[in-house]
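[1] Could you look at this predicted model? Sequence included:
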Amino acid sequence: MNSAAGRFERLQIAGEDQGTLAFVPFPLPPRNPKVSRPGELSERLNAAEHALARLAFAGRMLPDPEPLLHAFARREAVLSSRLDGLQVELMDLLRSQVMDDTAGTPALAQLHNHIAAWRQARGQLARKKERKLSLTLLDRGWQRMFRDSDRPAGKAAPLRCSQERGDYGLAGQSSYLPPAAHRLPVLLEELEAYLQSGDKLPELVRIGLIQAQFENIHPYPAGNGRLARLLSTLLLEHWGYLELPLPCLSLHFHRQGDDYAQRLAAIREEGDWEGWTGFFLDSLEAAADEAVATLRDLHAIVTRDRKRLLASEGSALSAVRLFEDLPDQPVLTVARTMDLLQTTKPTAGRAIEALVDAGILEEITGRKRDRSYAYTAFIERLGRGMEREQG
């Protein structure tokens, strides 16, 4: 049994009485039918390209984009992890960064590892010897993302060695059986060859094809969706569409969870690569436009509050220095402030108090000791839209 995108082979799965059909994708690019650019798909491609260009321009206008880049990376880590079934919240991640409370919470540990894997991959691509992108990058990313698992230190990321059902969209939304484990090395070699090929399809189309193919192959025991979405973000930067990887694709996928699952399933069942490609291009456009709006609003919040602080009576140098760290560190404790400012506890306390008095920080524990403070306006705008829309 075949579809236009691959073939189905019957496998015996432990605990199931009858053999089950597993999907084995054909190599990229799609050939029957081919992905083409006439009409509507061409318009959607142009819209995505223009939206990314607007985002690239907005990023260049920022005087210091790195703190906002880190904020976007945290949001993307939370949303991408939710799509893989982890029950996580942005505020939990931000609090854990200053309170060292990841012990006993594997989901938070995976979030921190996800961000570290993203930073590691960007660093590797920036080095001259790593300019040719390969799937080794994802292998290293998997190792970093799951470094606290039971895998022995120093061992390569293991490809899955058993048949497991995979999930698309919100976890459990749609179940499928990926290729047999013994087929993974060849399938990954074919995908890497396409990644490095000179295919004449537009690069944004290719990024979408690569993401879907990786998710269909499902090579690792866990984290395949997160790695596929990470690869798309890296390719947008690596292939020159963005100087900074700011769009949050997972936000749109999270909102459209059912459609995300259905479009990927339609590739396997119907060979509908064009349906997926259109959905992916629309997602890029929506993600880029949302990122521009978020950047604009966050920049406006920071600019407004900087003026408010400088006009207040408590705008000592320590308070101003602490304020400039808030976009990168929007949840604080006195201990963390001491580290950031390299100062004493009294000075750190006065800096926090000045920001509280200026209406910028607010205390979020309700305790008299071991308090935490949040840049609430910034966090609320960063997290806007992270709840999944109900149909």
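    Okay, I see it. Numbers count the residues shown, from 1 in each chain.
[2] residues contacting residue 362?
    By C-beta atoms under 8 Å, 6 or more residues apart in numbering, residue 362 lies in contact with 356, 373-374, 376. From N, CA and C alone the C-beta is placed, and that goes for glycine too.
[3] low pLDDT regions in the stretch 1-150 of the chain?
    The stretch 1-150 of the chain contains residues with pLDDT under 70 at 1, 12-19, 37-38, 100-104, 128-132, 148-150.
[4] And the helices in it, which stretches?
    Secondary structure of the stretch 1-150 of the chain, counting by DSSP state H, counting those that start in this stretch: helices at 39-61, 66-83, 90-99, 106-126, 136-145.
[5] now swap in the stretch 201-350 of the chain and tell me
    203-217, 224-238, 249-255, 257-270, 273-311, 317-325, 334-341, 345-357.
[6] for the fourth one, the distance to its chain's centre please.
    The chain centre lies 20 Å from the centre of helix 257-270; the measure is C-alpha atoms, centre = their mean, to the nearest Å.
[7] in it, what counts as buried?
    257, 259-269 (16 or more other C-beta atoms under 10 Å).
[8] Can you lay out the helices of the stretch 201-350 of the chain as JSON lines showing distance to residue 367?
    Below are the helices of the stretch 201-350 of the chain laid out as JSON lines (distance: least, C-beta to C-beta, whole Å):
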{"stretch": "helix 203-217", "distance to residue 367": "44"}
{"stretch": "helix 224-238", "distance to residue 367": "35"}
{"stretch": "helix 249-255", "distance to residue 367": "33"}
{"stretch": "helix 257-270", "distance to residue 367": "37"}
{"stretch": "helix 273-311", "distance to residue 367": "25"}
{"stretch": "helix 317-325", "distance to residue 367": "21"}
{"stretch": "helix 334-341", "distance to residue 367": "12"}
{"stretch": "helix 345-357", "distance to residue 367": "14"}
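[9] Tell me, how many residues neighbour the closest residue to residue 141 other than its chain neighbours?
    Computed as C-beta to C-beta, 6 or more residues apart in numbering, the closest residue to residue 141 that is not its neighbour in sequence is residue 117, at 4.3 Å. Residue 117: 26 surrounding residues under other C-beta atoms under 10 Å.
[10] Tell me which residues touch residue 117, please.
    140-142, 144-145, 230.
[11] which one of these sits closest to residue 28?
    Checking those against residue 28 with C-beta to C-beta, the nearest one is residue 230 at 18.7 Å.
[12] now the residue nearest to residue 141: how far from residue 137?
    Going from residue 117 to residue 137 by C-beta to C-beta, to the nearest Å gives 10 Å.
[13] Ok, residue 220 next?
    Using C-beta to C-beta, residue 220 is found at 14 Å from residue 137.
[14] And residue 99, by the same measure?
    From residue 99 to residue 137 the distance is 32 Å (C-beta to C-beta).
[15] Compare these two and say which is more crowded by neighbours.
    In this view residue 99 and residue 137 are compared by other C-beta under 10 Å, and residue 137 has more residues nearby, 22 against 15.
[16] So residue 306 sits against residue 322, correct?
    No: with contact defined as C-beta atoms under 8 Å, residue 306 does not count as touching residue 322 (11.8 Å).
[17] Look at these two and report which has more neighbours.
    Neighbour tally, residue 306 and residue 322, criterion other C-beta under 10 Å: the higher count belongs to residue 322, 26 against 16.
[18] Next, find the distance separating that one from residue 378.
    Going from residue 322 to residue 378 by C-beta to C-beta gives 14 Å.
[19] cool, residue 204 as well?
    Residue 204 is 31 Å from residue 378, by C-beta to C-beta.
[20] ok, for the residue nearest in space to the middle of the chain, nearest residue in space, not its chain neighbours?
    Centroid-nearest residue in the chain: residue 76, 3.7 Å away (criterion: C-alpha atoms, centre = their mean). With C-beta to C-beta, 6+ apart as the criterion, residue 76 has its nearest non-adjacent residue at 4.9 Å, and that residue is residue 248.
[21] Torsion angles phi and psi at that neighbour?
    phi -110, psi 80 (degrees, to the nearest 10).
[22] what's near enough to touch it?
    Residue 248 makes contact with 72, 75-76, 79, 287, 290-291, according to C-beta under 8 Å, 6+ apart.
[23] Against residue 133, how distant is it?
    Relative to residue 133, and taking C-beta to C-beta, residue 248 is found at 21 Å.
[24] picking that back up, so can I have CSV of the helices of the stretch 201-350 of the chain showing distance to residue 43 and mean pLDDT?
    Shown next, in CSV, are those (distance: least, C-beta to C-beta, whole Å; pLDDT from 0 to 100):
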stretch, distance to residue 43, mean pLDDT
helix 203-217, 13, 95
helix 224-238, 20, 92
helix 249-255, 18, 86
helix 257-270, 18, 88
helix 273-311, 9, 94
helix 317-325, 43, 96
helix 334-341, 48, 95
helix 345-357, 47, 95
